[in-house]
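# Output the structure for:
(one chain, ligands or ions: 2)
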Amino acid sequence: MTAEALVVIDVQNDFCPGGALAVAEGDRIVPVVNGLIERFEHVVLTQDWHPAGHSSFASTHLSKNPFETAQLPYGEQTLWPDHCVQGTSGAEFHPDLAWTKAEIVIRKGFRASIDSYSAFFENDRATPTGLAGYLRERGIARIVLCGLATDFCVAYSALDAVKAGFEAQVVLDACRGIDLGGSMATMIDKMKQAGVQLI
Ligand code: VGL
Ligand code: ZN
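Ligands and ions are numbered 1, 2, ... in the order given. A predicted model of the protein is given here:
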């Protein structure tokens, strides 16, 4: 039997209604995610975790607005409202998320100069988070993903998982997306093309 893990992406207050980068209905997934957590032996969480003044924040750049883009040394980066700042309540997990069973929390985006959508690689596409090594060392070959946001952190994580040689499934019911400039359709398509199983 192939060992598997549930990977719960960024179910944090700032991505839920009322938060700084709210995803529509982001909070609606919490009971569904909790049901998944109960069913899995191994649970991994990710937590978007930015220092104040992070390079992905529009406020860090002169005359830039949220949802515009900027050229950073590693390429084009979408700019966001300030969100998930380390140690703030917005960066905490949703209060109803049943997170206590998680075996590891991967924090991402903690380097001021590089954003990180994927749980595996930062947005320079070169700096690993360590998750692939962690999973391999534990004999986990398949991951099931859920969380926020479908078209950013969930999709990038699923695509990188497949690239790294893992089997990846995304439970769409347990995800919600941002949908910026058609990103939802684009990323769903990319995941299908790459062999991510959408369930
Ligand atoms: C995310 C944008 C910026 C996500 C994180 O979790 O999808 N999106 N930071
Ligand atoms: Zn972020």
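
# Make sure Ala119 is indeed in a helix.
No: assignment of Ala119 by DSSP: H, G, I helix; E, B strand; the rest coil gives coil, placing it outside any helix.

# Hmm, Ile114 and Asp124 touching each other?
Yes: contact criterion CB atoms under 8 Å: Asp124 and Ile114 qualify, at 5.3 Å. Bear in mind the C-beta positions are built from the backbone N, C-alpha and C, glycine included.

# Distance of the residue in the chain that ligand 2 sits nearest to relative to Glu167?
Of all residues in the chain, Asp48 sits closest to ligand 2, at 4.2 Å by CB to the ion. Separation of Asp48 from Glu167 (CB to CB, to the nearest Å): 25 Å.

# sorry, back to before: the residue of the chain closest to ligand 2 - nearest residue in space that isn't next to it in sequence?
Excluding the flanking residues, the one nearest Asp48 by CB to CB, 6 or more residues apart in numbering is Cys84, at 3.9 Å.

# in the longest helix along the chain, what's buried?
Among the segments of the chain that qualify as a helix by DSSP state H, the longest is helix 183-194. Neighbour-count burial for helix 183-194 flags 183-184, 187-188, 191 (criterion: 16 or more other CB atoms under 10 Å).

# Check what pLDDT the residue nearest to Asp48 gets.
For Cys84, the pLDDT comes out at 98.

# Specify the beta-bridge partners of the residue of the chain closest to ligand 2.
Lys108 (DSSP bridges).

# wait, it sits on Asn13?
No: assessed by CB under 8 Å, Asp48 is found out of contact with Asn13, at 10.8 Å.

# Give me the distance between Thr127 and ligand 1.
From Thr127 across to ligand 1, the span is 16 Å (CB to the nearest ligand atom, to the nearest Å).

# contacting residues for that residue?
111, 114, 116, 121 (CB atoms under 8 Å, 6 or more residues apart in numbering).

# Most neighbours among the residues you listed, please name it.
Ser116 (26 neighbours; other CB atoms under 10 Å).

# got the contact list for that residue?
Residues counted as contacts of Ser116 (CB under 8 Å, 6+ apart) are 108-109, 122-123, 127, 129.

# Kindly export stretch 19-35 (C-alpha atoms) in CSV.
Extracted in CSV, the C-alpha atoms of stretch 19-35 (Å, rounded to 0.1, in the frame of the first residue of the first chain):
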residue,chain,number,x,y,z
GLY,A,19,-9.5,38.7,6.2
ALA,A,20,-6.9,40.8,4.4
LEU,A,21,-6.9,38.7,1.2
ALA,A,22,-10.3,37.0,1.6
VAL,A,23,-11.2,34.2,-0.7
ALA,A,24,-14.9,34.0,-1.4
GLU,A,25,-16.4,31.3,0.8
GLY,A,26,-13.0,30.4,2.1
ASP,A,27,-14.4,29.5,5.5
ARG,A,28,-17.0,27.2,3.9
ILE,A,29,-14.3,24.5,3.3
VAL,A,30,-13.4,24.2,7.0
PRO,A,31,-15.9,21.4,7.9
VAL,A,32,-15.0,19.6,4.7
VAL,A,33,-11.3,19.8,5.5
ASN,A,34,-11.9,18.7,9.0
GLY,A,35,-13.7,15.6,7.7
